[in-house]
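[1] Using only what follows, build the 3D model:
(chains A and B)
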Amino acid sequence: MTLLEVSGVSVSFDGFKAINNLSMQIGEPELRAVIGPNGAGKTTFMDIITGKTRPDEGRVIWGESSVSLLGMNESRIAQEGLGRKFQKPTVFEDQTVRENLAMALKNPRGPFSVLFYRKTAEGAERIEEIAREIGLTDHLTRKAGELSHGQKQWLEIGMLLAQDPRLLLVDEPAAGMTPAEREHTTDLLKRIAKTRAVVVVEHDMEFVRRLDCKVTVLHEGSVLAEGTLDHVTKNKDVIDVYLGR
Amino acid sequence: MAYTSTWQKFSTRPAMPRRGLIARNPSVLYFLLALAAFTLGVTLLSEATGVGVLSTSFVKTLGKTLCLCLVAVAMDVVWGYCGILSLGHFAFFGLGGYAIGMWLMYARTEIIVAESLAASPIPPTGQEISEAIASQIFGVVGSSELPAIWTFADSLFLQLLAVVLVPGLLALVFGWLAFRSRVTGVYLSILTQAMTLALSLYLFQNESGLRGNNGLSGLQNIPGLEDASQASISIAFFWASALALGLGYVFFAWIVSGKMGSVIRGVRDDEARVRFLGYHVEHYKLFVFTLTAVVAGIAGALYYPQAGIINPAEIAPIASIYLAVWVAIGGRGRLYGAVIGAAVVSLMSSWFTGGGAPDVNLGVYVIQWTDWWLVLLGVTFVLVTLFAPKGIGGLFDLVADWRAPHRHEDYGPDASAKRAEEGEE
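    Take a look at the predicted model:
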């Protein structure tokens, strides 16, 4: 089933076309890698889907009832079930790992339900479970700001899991991780992608190869090639873009 | 392990046993104990209920200081916790004062007018009384008509309602417009200053119906309590202020603890990230902004009967800036810091500007503190901002650090980050 359908989307900043007539479909469940050289529009693509940037034209359609995401703001889109992990780990450094995860946990988001929110045993269990998955069990009471770069990456992945989204947009998840941690990340992403849609933006070809999934190559704001990694790396246009003419 | 969507069931599950607010925030208990001890001490030393060491005017000063502490706590929640540097919260404080002042002045004038007219041979009509009250109150601005906004001034209940509703509605409308347009940071601060300035300029006009620059006066005379001495009234207001501060402190401690506190501190530190977690940031800001404005209004309603007079100069933009300075010096992001900052700086301010501080003779120049206090305050503010961003409240961290186990060493290898094998599906 198609969960997200992007069609004919264009956006330009001061005359520069960051995204040019881009179309893409993501199924549920699916694991998809998006690659492309710097300036290909990978981050802008994510910004459009998550509501940070409004496109000049095109459509972004979501879910069974085919609602348009374009009229919604960021928080509304997140409530629809889109989770995003940023390239630079952005966690709340002043708060503990547990507080970070609890804030992300899927629960009613209105001010009054949050004000009268009471911790549940289920919620605590869920946090423990996620903490085990991301290897931060011993650090739940530590301030997130004290964590290493890699641990912050993990915490942000954990927050994404806690949100329980239908579509995960993951921007360079493995940056700053050790080889063992990278392996763990790919395994985790592949496992998550069995039940939901995961879009991974990545530079590292080795990482993409290990994901073993359909790959979309972006170039100058539109799709250059799509298919298996072997298929796209044999594509002449892709070779030109990556290695220069 | 599969991630199943079983979240909907959560709300029906039993809540976990939780520790109380005090257990999670021991500082709340310490604060309440200190406040209780202070209240008891002042009670025992006052003229009305104690040995009379403290003069009535000093009791009033202390009561007013407690009100300033309450508005500072509100300021700390909106700025220190939620990251909105509002430079307009003293306007809400003033509006609360005006709302209660209207009743105080009207009801008191009504009694005086009724007394003077009672001596006349023909009993006065309601119309005559009403006109006499209007000319008494507004004679000073050359008018004898009661403006429309005084319609409910004879009702204590409705004016008390106005103490809450007027600042609350203004904050709600202003905040809704500002936050919806995503005005943040220094731009929002400027906008709140503009609102404050506009309000103060409006109140300066006689046409505003609040006696222009004369303001409302005689507020220390409480209608119905003509026989009570000012000493008794001052201690009663002192108690009321202490109670309001205690309740306000516990209320805000509850707001900023738990998940709500987590979200609003998140808004302060990374607004965009909170948005991508699915929280409507604007709603949270509006909630905090409005709530703190209401508390500021209540603090003002307790302050001005003790001050005796309110005029538009009280709402001037500089007052709201002072409020931010108190919170910064006291230490923002912790409620007791705001209390300490407001108490220390406002008491010192009245000591220095009231001629209490001795002049410093430098031989070539005599430093008179009435002129130099603002310079001292400004320098202190800059120094605190640069070298002690945690303010006076930061001193408590030093004590806590000293008592806590030493945790500044290397944390060692991260055992749990390495997993021997992947978990099965």
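
[2] rest of the way, CA atoms for contacts and neighbours
    OK.

[3] So residue 90, which state does it fall into?
    As the question left the chain open, I've gone with chain A. Put simply, residue A:90 is coil when judged by DSSP: H, G, I helix; E, B strand; the rest coil.

[4] try again with chain B
    Assigned with three-state DSSP, residue B:90 falls in the helix class.

[5] Name the next helix or strand downstream of the helix or strand encompassing residue B:234, please.
    Per DSSP states H and E, residue B:234 falls inside helix B:230-256. The helix or strand immediately downstream of helix B:230-256 is helix B:258-269, counting by DSSP H and E.

[6] ok so, going back, okay, angle between the helix holding residue B:234 and helix B:258-269 too, please.
    For helix B:230-256 against helix B:258-269, the angle by axes from the mean of the first three to the mean of the last three CA atoms, to 10 degrees is 80 degrees.

[7] Where does pLDDT dip in the chain?
    Going with chain A. Applying pLDDT under 70 to chain A flags the ranges A:244-245.

[8] The chain in question should be chain B.
    B:1-19, B:404-425.

[9] which of the residues in the helix holding residue B:234 are buried?
    By neighbour count on 16 or more other CA atoms under 10 Å in any protein chain shown, the buried set for helix B:230-256 is B:230-231, B:233-246, B:248-250, B:252-256.

[10] near chain A, which of those residues show up?
    Applying CA under 8 Å from any CA of the partner chain to these, one finds that residue B:255 fall near chain A.

[11] Residue B:69: what's it in contact with?
    Contact partners of residue B:69, counting by CA atoms under 8 Å, 6 or more residues apart in numbering or on different chains, are B:245, B:338-340, B:342-343.

[12] at 7 Å what do you get?
    B:338-339, B:342-343 (CA atoms under 7 Å, 6 or more residues apart in numbering or on different chains).

[13] List phi and psi for it.
    Backbone torsions of residue B:69, given as degrees, to the nearest 10, read phi -60, psi -40.

[14] What of residue B:143?
    Dihedral angles phi and psi of residue B:143 (degrees, to the nearest 10) take the values phi -140, psi 160.

[15] The residue nearest to it when sequence neighbours are not counted: helix or strand, and which one exactly?
    Leaving aside its sequence neighbours, residue B:143 sits nearest to residue B:135 (CA to CA, 6 or more residues apart in numbering or on different chains; 6.6 Å). Using DSSP H and E, residue B:135 falls within helix B:126-138.

[16] after that helix, next one along is what?
    Where DSSP H and E defines the elements, the next helix or strand beyond helix B:126-138 is helix B:156-180.

[17] Give me the three-state assignment for residue A:34.
    Here residue A:34 takes the strand state, with states given by three-state DSSP.

[18] ok, now which ones touch the spatially most central residue of chain B?
    In chain B, the residue lying closest to the centroid (CA atoms, centre = their mean) is residue B:71, at 1.1 Å. With contact set as CA under 7 Å, 6+ apart, residue B:71 has these partners: B:295-296, B:299.

[19] Going by distance to chain A, which of those wins?
    For these, the closest approach to chain A (CA to the nearest CA) belongs to residue B:295, at 17.5 Å.

[20] That closest one: how many residues sit nearby?
    28 (other CA atoms under 10 Å in any protein chain shown).

[21] What parts of the stretch 151-300 of chain B come near chain A?
    Residues of the stretch 151-300 of chain B lying close to chain A by CA under 7 Å from any CA of the partner chain are B:259-260, B:262-263, B:266, B:269, B:275-280, B:283-284.

[22] Now render those residues as CSV, adding neighbour count.
    Below are these laid out as CSV (neighbours: other CA atoms under 10 Å in any protein chain shown):
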residue, neighbour count
B:259, 22
B:260, 21
B:262, 24
B:263, 30
B:266, 26
B:269, 18
B:275, 22
B:276, 25
B:277, 27
B:278, 27
B:279, 27
B:280, 21
B:283, 17
B:284, 21
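
[23] Contacts only, for residue 159.
    You didn't pick a chain, so chain A it is. By CA under 7 Å, 6+ apart, the residues touching residue A:159 are A:101, A:104.

[24] Please refer instead to chain B.
    B:99-100, B:103, B:152-153.

[25] Could you report the separation of it from residue B:105?
    According to CA to CA, to the nearest Å, residue B:159 and residue B:105 sit 12 Å apart.
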